[in-house]
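Student: Sequence first, then the predicted structure, then my questions.
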There are 2 protein chains.
Amino acid sequence: MNSATTNTAKDKLLFTPGPLTTSLTVKQAMLNDYGSRDIKFINIVKEIREQLLELAGLKQQEGYEAVLMQGSGTFGVESVISCAIPKDGRLLLLINGAYGERIARMVWIHSIGTSSLIFDEDQWPDEESVEEELKKGGFTHIAMIHGETTSGIINSLEPFGKLAKKYSCVFIVDAMSTFGAVPVDFKKCNIDFLVSSSNKCIEGVPGFSFILAKKDSLKKCENQSRTLSLDLFAQWQGLENGGQFRFTPPTHVLAAFHQALAELKQEGGVNARATRYRKNFEALRTGMRNLGFKEYLPSDKQGYIISTYYYPENPAFDFKVFYEKLNNRDFIIYPGKLTKASCFRIGNIGHLFPEDIDALLTAIAEVKQEMGF
Amino acid sequence: MNSATTNTAKDKLLFTPGPLTTSLTVKQAMLNDYGSRDIKFINIVKEIREQLLELAGLKQQEGYEAVLMQGSGTFGVESVISCAIPKDGRLLLLINGAYGERIARMVWIHSIGTSSLIFDEDQWPDEESVEEELKKGGFTHIAMIHGETTSGIINSLEPFGKLAKKYSCVFIVDAMSTFGAVPVDFKKCNIDFLVSSSNKCIEGVPGFSFILAKKDSLKKCENQSRTLSLDLFAQWQGLENGGQFRFTPPTHVLAAFHQALAELKQEGGVNARATRYRKNFEALRTGMRNLGFKEYLPSDKQGYIISTYYYPENPAFDFKVFYEKLNNRDFIIYPGKLTKASCFRIGNIGHLFPEDIDALLTAIAEVKQEMGF
């Protein structure tokens, strides 16, 4: 199986962190118009919320909730950051890439008291330094990124969740690029809020984000929102009372996501998806190594979501030309985002299969030869 | 022609203020996956921005800009309100319905100095009271709604735009439900910011809003944003420099909107669309009058976008039952939102034609007989 069998033939394959290549059936779910108050649509929203909890191994009866928020993933993260942390709260923010930095911009804009611990982009946040900082006292919240798409590193959540518990902090996790394909033990990690979006590992199309939250932590967001649109508590209340969004929902995108969740289940759930992405990742790594490309991250830190490669040390290599030549062959890769190294990225996620990776590798080999690096 | 010929047969017809019934070809434009940095997609965004200005009779060279913002229409309105009005600014807000009230909630949350003038829901904002308020001095911005979907009233913009100019105020217009089908003379009305969304009269699907703005007024938004996600200036800069959204765009929804703009052009532009909607409106009014329903608004105030009808004064009428019986016949109407009158609403917009209105009227006649009111 490869994506060509289930995709529209004319589409380029997206080896990016999203928007991703999605199945044709996911896109076909957008061929219907639903009224936002129609019972059919309200049921779609209800089922999405239930299934998101299920994916995380959680249940509403056990005190967990799923809230959907219009906009991109960043809107979802800002929704949590701008609602969960009260005026007199203090955030400890762990940063090892651009998405941690993005949260730093949010807290700055919202004048939220914050200490940021900045780690190298190829390093995990360091438990000891985090505890040292927490010991100073006064922290109410900890926020971090699960899979930093900047490098492709996967940060362990459990040690920091344990520290959050020890120091009575609310634990906020941006799991944008991992949720649905990297298993997370919500309870063991003491997660209060986890954010992801429609167009990542669940393989829907972009248009909304979602927040999984402990009900008790969500309740504390009441009257704390710093915006109208991103009011997480009010959004939750709207979805609970009548099943409706407060403001017009992206009906078609939600229908696509509903289908994407069904296809994830059909594939075998989070573990099966993890297996496929890992296969993609391994096929890519083997192939890229054979072609002489070097990985930015050491193997133990490299996740299977997105891979970062150094530019070849050869004057014949020019990323723009490399990108364009692959693009002309209908393969889209992604530029780098690191502060200290010249790299490019290749995503392993979306409706892509090892055969698609093989096709990409063949194209990269051709381009390498053409460019002479 | 009716919507059944160009829509998927199984869809209910949406006589609502949106999400609306859209053409099948608009929805089919969502059957492709685009990379957000792909030149194809960047061109879609570029053309959308150009064509939105064109629709308003504006040009970039003349100092006007179009900015797209993820989320629903409310996100777009909040983007303007939370970026255009500086800390020491003062807003005069004209309210004659729920969407004006929604802006009042925004300014309250953002602690923006505001005087609200509240008019009855069946009355236009009164020029004299507005000028009286402005004379008190200190106002920097005026905001109002063009078509108040609460009642269906269309507010004149020109007198208030003239007052904005006279009192050196920035003029902000929420034209959510009118843009693309109710002609507006941007320059004559001295509009600085106009907000609408993808799923209204342009007949796209929901997922983003757009802001048309005077470039000079937009420039003043720099560093004034009260959020990261809704930063209007930064969003504009992102779209100008490289043609990209700052954060993941709803690629499929944008592709649908691009197609919707082409179909609007093909139909004959804003005036042709106005003509069709007016025909829908008139067919509905005639039919509803024949069935004994009474309009909430006097004829001179009633726009052709959405119509509000009083509940029949008959104990046999129950809106929930009425709605359900129409829903079972695949027609979706809309509940009322007025503070002082029991009404329901019927939208005249979307990919609907007078023949669809006739079909709805036949269904209403049947339901009326069944319910015995």
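Tutor: Right, received. Where do you want to start? Numbering: from 1, shown residues only, chains lettered A, B, ... in the order given.
Student: now the helices for the stretch 251-373 of chain A?
Tutor: Taking DSSP state H, counting those that start in this stretch to define them, one finds helices in the stretch 251-373 of chain A at A:251-267, A:269-290, A:319-328, A:354-371.
Student: Show me chain A divided up by domain.
Tutor: Under automatic domain parsing, the residue ranges defining each domain of chain A are A:4-22+A:269-371, A:25-265.
Student: ranking those domains by burial, who's on top?
Tutor: Using mean count of other C-beta atoms under 10 Å in any protein chain shown, the stretch among the domains of chain A with the greatest mean number of neighbours is domain A:25-265 (a mean of 21). All C-beta atoms are positioned from the backbone trio N, CA, C, and that covers glycine.
Student: State the distance spanning the first to the last residue of that one.
Tutor: Between the start and the finish of domain A:25-265 there is a gap of 14 Å, counting by C-alpha to C-alpha, to the nearest Å.
Student: That one: how far from the chain's middle?
Tutor: 9 Å (C-alpha atoms, centre = their mean, to the nearest Å).
Student: ok, back up a step: let me have the helices of the stretch 251-373 of chain A in JSON lines, adding distance to A:Leu20 as columns.
Tutor: Formatted as JSON lines, the entries for those read as follows, by distance: least, C-beta to C-beta, whole Å:
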{"stretch": "helix A:251-267", "distance to A:Leu20": "10"}
{"stretch": "helix A:269-290", "distance to A:Leu20": "11"}
{"stretch": "helix A:319-328", "distance to A:Leu20": "16"}
{"stretch": "helix A:354-371", "distance to A:Leu20": "12"}
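Student: out of those helices, nearest to chain B?
Tutor: Proximity to chain B (C-beta to the nearest C-beta) singles out helix A:251-267 among the helices of the stretch 251-373 of chain A, at 4.7 Å.
Student: Contact partners for A:Thr22?
Tutor: Contacts were defined as C-beta atoms under 8 Å, 6 or more residues apart in numbering or on different chains; by that measure A:Thr22 touches A:7, A:203-205, A:256, A:260, A:350-351, B:33.
Student: List just the nearest of those to B:Glu158.
Tutor: Ranking the contacts of A:Thr22 by separation from B:Glu158, with C-beta to C-beta as the measure, puts A:Val205 on top at 40.6 Å.
Student: Does that closest one lie in a helix or a strand, and which?
Tutor: Using DSSP states H and E, A:Val205 is not contained in any helix or strand.
Student: per-residue confidence at it?
Tutor: Per-residue confidence for A:Val205 comes out at a pLDDT of 98.
Student: Same check on A:Ala4?
Tutor: The pLDDT attached to A:Ala4 in the predicted structure is 55.
Student: do A:Lys368 as well
Tutor: Residue-level pLDDT assigned to A:Lys368 equals 98.
Student: again, but for A:Pro298
Tutor: The per-residue pLDDT reported for A:Pro298 equals 96.
Student: Would you tell me which of the helices of the stretch 251-373 of chain A gets closest to B:Ile154?
Tutor: Distance to B:Ile154, taken as C-beta to C-beta, is lowest for helix A:251-267 among the helices of the stretch 251-373 of chain A, at 26.1 Å.
Student: Say whether chain B is contacted by that closest one.
Tutor: Yes. With C-beta under 8 Å from any C-beta of the partner chain as the threshold, helix A:251-267 lies in contact with chain B, specifically through A:251-253, A:256.
Student: helix/strand/coil for the residue nearest to A:Asn190 when sequence neighbours are not counted?
Tutor: For A:Asn190, ignoring the flanking residues on the chain, the nearest one in space by C-beta to C-beta, 6 or more residues apart in numbering or on different chains is A:Gly161 at 3.8 Å. Applying DSSP: H, G, I helix; E, B strand; the rest coil to A:Gly161 yields a three-state assignment of helix.
Student: Spit out the contact partners of A:Gly161.
Tutor: The contact partners of A:Gly161, by C-beta under 8 Å, 6+ apart, come to A:171, A:188-191.
Student: Now for those: which two are most distant?
Tutor: Largest pairwise distance in the contacts of A:Gly161, by C-beta to C-beta, is 11.6 Å, between A:Phe171 and A:Lys188.
Student: Inside strands: which ones of the contacts of A:Gly161?
Tutor: Assignment to strands by DSSP state E places the following of these there: A:Phe171.
Student: What is the nearest of the contacts of A:Gly161 to chain B?
Tutor: Distances from chain B to these, taken by C-beta to the nearest C-beta, are shortest for A:Phe171, at 21.2 Å.
Student: So what's the predicted local confidence for the closest one?
Tutor: The predicted local confidence for A:Phe171 comes out at a pLDDT of 99.
Student: That one: what's it in contact with?
Tutor: A:141-143, A:160-161, A:164-165, A:189-193.
Student: quick one: A:Glu131 and chain B, what's the gap?
Tutor: 29 Å (C-beta to the nearest C-beta, to the nearest Å).
Student: Wait, a helix at that residue?
Tutor: Yes. The assignment for A:Glu131 by three-state DSSP puts it in a helix.
Student: isn't it right up against A:Lys162?
Tutor: No. Contact criterion C-beta atoms under 8 Å: A:Glu131 and A:Lys162 do not qualify, at 9.8 Å.
Student: For those two, list the residues in contact with both.
Tutor: When contacts are counted by C-beta under 8 Å, 6+ apart, A:Glu131 and A:Lys162 are jointly contacted by no residue.
Student: Show me which residues of the stretch 51-200 of chain A sit near chain B.
Tutor: Proximity of the stretch 51-200 of chain A to chain B is assessed by C-beta under 8 Å from any C-beta, with A:70-75, A:78, A:82, A:102, A:105-106, A:109-110, A:197, A:199 identified as the residues in range.
Student: Those: which two are farthest apart?
Tutor: Of all pairs drawn from these, the one with the largest separation by C-beta to C-beta is A:His110 and A:Asn199; the distance is 25.5 Å.
Student: Quickly list what the residue of the stretch 251-373 of chain A found nearest chain B is bridged to.
Tutor: When distances are taken as C-beta to the nearest C-beta, the stretch 251-373 of chain A reaches nearest to chain B at A:Ile332, 4.3 Å away. Per DSSP bridges, residues listed as beta-bridge partners of A:Ile332: A:Leu14.
Student: that older thread, now, which of the residues of the stretch 51-200 of chain A next to chain B lie within helices?
Tutor: A:73-75, A:78, A:82, A:102, A:105-106, A:109 (DSSP state H).
Student: in which helix or strand would I find A:Cys201?
Tutor: Applying DSSP H and E as the criterion places A:Cys201 outside every helix and strand.
Student: you'd agree it is up against A:His351?
Tutor: No. Under the criterion of C-beta under 8 Å, A:Cys201 makes no contact with A:His351, lying 11.1 Å away.
Student: Secondary structure element for A:Val26, which one?
Tutor: With DSSP H and E as the criterion, the answer for A:Val26 is helix A:24-28.
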